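# Following is a predicted model, sequence given first.
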Amino acid sequence: MGDLHKSRDLPVLPEDLIEEILVSLPVESLCRFRSVSNKCNALLTSTKFITSKWAEKPPNRKPWLLVQDVGRRPLHCLAFFFFTGTWRNTPCISFPSFVEPNGKVKYVTFYGSGAGLFLHTIDPHPYLSFVVSNPLTRTSLKLTPISSITVFSVGGIVEGEGESRGTYRVVVVGEDSHEAGIVEIYDSAFKSWRIAGRMPHDVHIDKKDMVFCAGSFYCFADLHGQSGILGFSIEQGTSIFAPLPEMADSDCMSPYLLTYGSWVLVAGYIFGHTEELLQVIIWEFDKDKVNSSSSSRWKEIARMPPSLSEDFKRISMDCSKWCIGVGDCTCFIVSGHRKRKFRKVTEVVVYSVTENAWSWLPSRPVDTTESTSERYELAMAFEPRLDMKVG
């Protein structure tokens, strides 16, 4: 640390005071500061600074809601900071280049985020060739080829637990060459894939969400024509299946999986027989009642109040709708274009689990650029982690 004081770019100050100054800077400034010298980089990525200083600041305790225009040249990211209640441009977010030297946009598929890392693929990489990236440190790693899965269904990334914190696991569900369901896991501590177990017979995995909770992952699945969620213990290799909450005969649901702490949640857009949006509901899944009746497995914990619901229905008409979990918040997102002005807009309603309260987020800054067929919008949760290494 003494060498830091010799740098022309830093005043001669006590080490603790330097850390207090740095910890108050926004992430963008910290990322720029890392490039000053190797010593500066070492300080900002040290376990002591990250865990005892930076991570304890209130703005850094809560993940961001990250919205990207994928395919835009260059990649454009906006983040909502829940601590300040504001949208901000995030030039500090950087992924491997999405645009080839000849100007052609590469097709990028994101499969999940966790512990400050993103799991994705980038064309023209071979099928099932995964990349792990930390957009803050601008580092990425192309994982070794997956060993047994030949047909991909769903995947995700999660930080190791207990003594394995600071490492990550990539979990992939798919089919092997015999069309049998299988789970493969890449462990960054060992830099290799292993088979964690097999899917139950006759279970079809939905290519949608994968979430993690208490050493297990959960995803949507179909068993004998019945839609539900499948939970799989990563360590034990065992699984459970539970049907989704029951709907009225004329209603259908577009469900999304979420987790918060030890809770597994399903948020659903409920549609009527004419495809109009009727309601937005959140249920908690009781893992201890997996063998009980469907009604007792699920507990409704929140329903969008009428004061918000009518405006949400009006705004979301003819627009894309989806839902993601960001910390203790369930974000219901509407994205589309205003028909007359041809402006892309994003509106978000949030339910806070800890506060048991609904609210609108401030409107996202309007994107006045013309949309193209090469662009699509993607929203993800992002936990800023300067300490997480990809390899």
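Looks like it came in fine. Residues are numbered from 1 along each chain as shown.
# Which helix runs longest in this structure?
Selection of the longest helix in the chain by residue count, based on DSSP state H, yields helix 306-316.
# tell me the angle of the helix or strand following that helix relative to helix 306-316?
Proceeding N to C from helix 306-316, the next assigned helix or strand is strand 320-326, under DSSP states H and E. Inter-element angle recorded for strand 320-326 and helix 306-316: 130 degrees (by axes from the mean of the first three to the mean of the last three C-alpha atoms, to 10 degrees).
# and strand 320-326, what does it pack onto?
For strand 320-326, the helices and strands in contact under the criterion 3 or more C-beta pairs under 8 Å, 6 or more residues apart in numbering; DSSP states H and E are strand 64-70, strand 252-260, strand 263-271, strand 329-338, strand 376-382. (Glycine included, C-beta is placed from N, CA and C.)
# among the ones you listed, which is nearest Lys191?
Ranking these by proximity to Lys191 (C-beta to C-beta) places strand 376-382 first, at 24.5 Å.
# Buried residues in that closest one, which are they?
Residues of strand 376-382 classed as buried under the neighbour-count rule (16 or more other C-beta atoms under 10 Å) are 377-382.
# With stretch 128-146 instead?
Buried-residue list, stretch 128-146, by 16+ other C-beta under 10 Å: 128, 130-137, 139-143, 146.
# Which of those residues sits closest to Tyr111?
Phe130 (7.6 Å).
# ok, the closest one touching Leu143?
Yes: because the distance of 4.7 Å satisfies C-beta atoms under 8 Å, Phe130 is recorded as touching Leu143.
# any common contacting residues for the two?
Contact with both Phe130 and Leu143 is made by residues 170, 186, according to C-beta atoms under 8 Å, 6 or more residues apart in numbering.
# pull the helix or strand with minimum mean pLDDT from this structure.
Ranked by mean pLDDT, DSSP states H and E, the helix or strand of the chain with the weakest confidence is helix 2-5, at a mean of 49.
# C-terminal to that one, what's the next element?
On the C-terminal side of helix 2-5, the closest following helix or strand by DSSP H and E is helix 15-23.
# helices and strands around that following helix, which ones?
For helix 15-23, the helices and strands in contact under the criterion 3+ C-beta pairs under 8 Å, 6+ apart are helix 38-44, helix 47-52.
# Mind doing that once more with 10 Å?
helix 2-5, helix 27-34, helix 38-44, helix 47-52 (3 or more C-beta pairs under 10 Å, 6 or more residues apart in numbering; DSSP states H and E).
# Might you report the residue contacts of Glu163?
Contacts of Glu163 were listed using C-beta atoms under 10 Å, 6 or more residues apart in numbering, and they are Ala189.
# does it sit in a helix, a strand or a coil?
Secondary structure state of Glu163, per DSSP: H, G, I helix; E, B strand; the rest coil, is helix.
# Check the spacing between it and Met317 real quick.
51 Å (C-beta to C-beta, to the nearest Å).
# Same check on His178?
The separation that His178 has from Met317, given C-beta to C-beta, amounts to 46 Å.
# more crowded one of these two?
Comparing His178 with Met317 by other C-beta atoms under 10 Å, the one with more neighbours is Met317, at 12 against 8.
# Chain neighbours aside, what residue packs nearest to the more buried one?
Counting by C-beta to C-beta, 6 or more residues apart in numbering, the nearest residue to Met317 once its immediate chain neighbours are dropped is Leu277, at 8.0 Å.
# which residues touch that neighbour?
Leu277 neighbours (C-beta under 10 Å, 6+ apart): 254, 269-271, 309, 312-314, 316-317, 321.
# got it, and Glu235?
Contacts for Glu235 were tallied using C-beta under 10 Å, 6+ apart; they are 161, 196-197, 215-216.
# Make a PyMOL selection of whichever of those turn out to be buried.
Selection command for PyMOL covering only the buried members of the contacts of Glu235, criterion 16+ other C-beta under 10 Å:
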select buried, resi 196+197+216
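# what's the most distant pair in the contacts of Glu235?
Spanning the widest gap among those are Glu161 and Gly197, at 17.8 Å by C-beta to C-beta.
# Asp255: how many residues sit nearby?
Check again: residue 255 is Pro, not Asp. 22.
# I figured it was touching Ile229, is that so?
Yes: counting by C-beta atoms under 10 Å, Pro255 touches Ile229, with 8.5 Å between them.
# For these two, list the residues in contact with both.
In the contact map built from C-beta under 10 Å, 6+ apart, the residues linked to both Pro255 and Ile229 are 206, 209, 220, 244, 266.
# With respect to Ser363, which of the residues you listed is nearest?
Asp209 (26.2 Å).
# what kind of secondary structure is the closest one in?
Using three-state DSSP, the secondary structure recorded for Asp209 is strand.
# Identify the residues contacting the residue lying closest to it once chain neighbours are set aside.
In space, Asp209 comes closest to Leu257 once its chain neighbours are excluded; the distance is 4.2 Å by C-beta to C-beta, 6+ apart. Residues near Leu257 by C-beta under 10 Å, 6+ apart: 206, 208-211, 213, 217-220, 229, 264-267, 285, 323-325.
# Apply 6 Å and report the result again.
Contacts here follow C-beta atoms under 6 Å, 6 or more residues apart in numbering; on that basis Leu257 touches 209, 211, 218.
# most neighbours, which of those residues?
Ranked by neighbours (other C-beta under 10 Å), those are led by Tyr218, which has 25 neighbours.
# Which element, helix or strand, includes it?
With DSSP H and E as the criterion, the answer for Tyr218 is strand 216-223.
# Which neighbouring elements make contact with the helix or strand just after that strand?
On the C-terminal side of strand 216-223, the nearest following helix or strand under DSSP H and E is strand 226-233. Under the contact definition 3 or more C-beta pairs under 6 Å, 6 or more residues apart in numbering; DSSP states H and E, strand 226-233 sits against strand 216-223, strand 239-243.
# do that again at 8 Å, thanks
Contact partners of strand 226-233 among helices and strands, from 3+ C-beta pairs under 8 Å, 6+ apart: strand 203-213, strand 216-223, strand 239-243, strand 263-271.
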